[in-house]
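*Asks:* Below is the sequence, then the predicted model.
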Amino acid sequence: MRTELVLRLVRFAAAGFVITLVDYAAFRALIGAGFAPDGSRAAAFVAAFIFSFCLHRLWTFGSGRPWGRDLLLYLPARLAAFALAQLAFLVAHRAAGLDADLAFLVQTPVQPVVNFLLGHRLVFPVARR
């Protein structure tokens, strides 16, 4: 593996851990405030999205392009990853009958895999030398 790819993977994993904590904290706070788990999962995504975009853009992938351009590429990539994760959450929670916390845990690995692949290849590609 190339050094740039390894560095991106390490940064992505570290950032992803923190982003997942923000996502889960927002999810639990919303449930604690009386919102349904399904809606809480979707709303927590918004908080995690904002934090994720800034952290990945600046630190993980180190983009120097205009913020708006990166956001226009990042938003659909993250929405695609979220849609897959939300589907996994709903299947685990509603169809399999898992409690909200366990369903959150089940869907957790879905987003990082899709996010890294799309982020590395499409949103923040390494400049060709």
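*Replies:* Looks like it arrived, so ask away.
*Asks:* Contact partners for the residue positioned nearest the centre of the chain?
*Replies:* By Cα atoms, centre = their mean, the chain has its centre lying nearest to Gln111, at 5.1 Å. Residues in contact with Gln111 (Cβ atoms under 8 Å, 6 or more residues apart in numbering) are Ala81, Phe82, Leu84, Ala85. For glycine as for every other residue, the C-beta is placed from the backbone atoms N, C-alpha and C.
*Asks:* do that again at 7 Å, thanks
*Replies:* Neighbour list for Gln111: Ala81, Phe82, Ala85 [criterion: Cβ atoms under 7 Å, 6 or more residues apart in numbering].
*Asks:* again, but for Phe51
*Replies:* Counting by Cβ under 7 Å, 6+ apart, Phe51 has contacts Ile19, Val22.
*Asks:* What about the residue nearest to Ser40 when sequence neighbours are not counted, how many residues nearby?
*Replies:* Of all residues beyond its chain neighbours, the one nearest Ser40 is Leu30 (3.7 Å), with distances taken as Cβ to Cβ, 6 or more residues apart in numbering. If you count neighbours by other Cβ atoms under 10 Å, Leu30 ends up with 19.
*Asks:* same check, this time on the one 3 residues further on
*Replies:* Applying other Cβ under 10 Å, we find 8 residues neighbouring Ala33.
*Asks:* average pLDDT across stretch 73-82?
*Replies:* What stretch 73-82 shows for mean pLDDT is 90.
*Asks:* chain center to stretch 9-16, what's the gap?
*Replies:* 11 Å (Cα atoms, centre = their mean, to the nearest Å).
*Asks:* Kindly report the same for stretch 45-65.
*Replies:* Averaged C-alpha coordinates place stretch 45-65 at 10 Å from its chain's average position (Cα atoms, centre = their mean).
*Asks:* Only the buried residues of the longest helix anywhere in the chain, if you could.
*Replies:* Using DSSP state H, we find that the single longest helix of the chain is helix 3-32. Across helix 3-32, burial judged by 16 or more other Cβ atoms under 10 Å covers 8, 11-12, 15-16, 19-20, 22-24, 26-27, 30-31.
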